[in-house]
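K.L.:
pasted the sequence and its predicted model underneath.
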Amino acid sequence: MDLVREQGLRALSMRSLAERLGATPMAVYKHVANRDELALRVVEEIFATLALPEDRLEPLAWLRELARRVRVLGLANRGVMDFLLEEGPIAGATLVILDRTVRKLHDAGVPWKEAGALHNTFFSWLAGAVRRQEQWDARGSDAPALFQRFFEAAAALPPGAFPGIAHTLPHMRATSIEAEFEASLKFMLEGIQRRIEASRGR
């Protein structure tokens, strides 16, 4: 877990772990079958540290708090969201999150099948948002400002031909990573609220 916090999950290998332990890679293989098992065990331990929100919270408040906690965990452990996007929630602790999320939505009136689909959509967005910030955070201090080339290209467009860009560009420039996350989280939760209301109206 220390290695993942320092270097990211993709850099974790049997060799890097052995070097940290002052052992040989073959010694590590006596305890872990391969790198895939090692990564799974680490992801399990990382997500086991996540405290789920209090169950008394309403579904949207519960999801909002869960998203914020998962984001903090993901940013502190680079690469774990890539693992979840590629492998799915196969670690025990991530399966608990899936189960609790689906049950929370179902208890709010959403059918099981749709609750599962909402979970998948919500966590795919969340993993992507965390992954995107990881890439931003990894940029060197001498790197150009975020989206500088996009802003330059968009500003050069004739406003009459691209009115959507012309109207939204000033707002895009002013948005911070934190504000963008909170805005997109709000959009996700509003969509889920509409699905809950539609399910209750059936």
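P.N.:
Great, that's in hand. Residues are numbered from 1 along each chain as shown.
K.L.:
switch to C-alpha atoms for all contacts and neighbour counts from now on
P.N.:
Noted.
K.L.:
which SS class is Glu6?
P.N.:
Using DSSP: H, G, I helix; E, B strand; the rest coil, the secondary structure recorded for Glu6 is helix.
K.L.:
tally of neighbours for it?
P.N.:
The number of residues packed around Glu6, counting by other CA atoms under 10 Å, is 13.
K.L.:
and for Leu12?
P.N.:
Other residues within reach of Leu12, judged by other CA under 10 Å, total 19.
K.L.:
and it, how far is that from Thr49?
P.N.:
From Leu12 over to Thr49 the distance is 19 Å, taken as CA to CA, to the nearest Å.
K.L.:
where in the chain is pLDDT low?
P.N.:
Low-confidence segments of the chain, defined by pLDDT under 70, are located at 202.
K.L.:
which strand or helix spans the most centrally placed residue in it?
P.N.:
The centre of the chain sits closest to Ala127, judged by CA atoms, centre = their mean, with a distance of 2.4 Å. Ala127 belongs to helix 112-137 when assigned by DSSP states H and E.
K.L.:
tell me what that helix is packed against?
P.N.:
helix 59-76, helix 80-87, helix 92-107, helix 177-200 (3 or more CA pairs under 8 Å, 6 or more residues apart in numbering; DSSP states H and E).
K.L.:
how about a cut-off of 7 Å?
P.N.:
helix 59-76, helix 92-107 (3 or more CA pairs under 7 Å, 6 or more residues apart in numbering; DSSP states H and E).
K.L.:
switch those helices over to TSV; also include mean neighbour count and distance to Ala138.
P.N.:
What follows is the helices and strands packed on helix 112-137, written out as TSV (neighbours: other CA atoms under 10 Å; distance: least, CA to CA, whole Å):
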stretch	mean neighbour count	distance to Ala138
helix 59-76	18	11
helix 92-107	18	25
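K.L.:
which among the ones you listed is found nearest to Gly164?
P.N.:
Judged by CA to CA, the one of the helices and strands packed on helix 112-137 that comes nearest to Gly164 is helix 59-76, at 29.6 Å.
K.L.:
what sits up against that closest one?
P.N.:
The set of residues external to helix 59-76 that reach it, using CA atoms under 7 Å, 6 or more residues apart in numbering, is Arg5, Leu52, Pro53, Val80, Met81, Lys104, Leu105, Ala108, Leu126, Val130, Glu134, Leu189.
K.L.:
again, but for stretch 185-193
P.N.:
Judged by CA under 7 Å, 6+ apart, the contacts made with stretch 185-193 from elsewhere in the structure are Leu60, Phe122.
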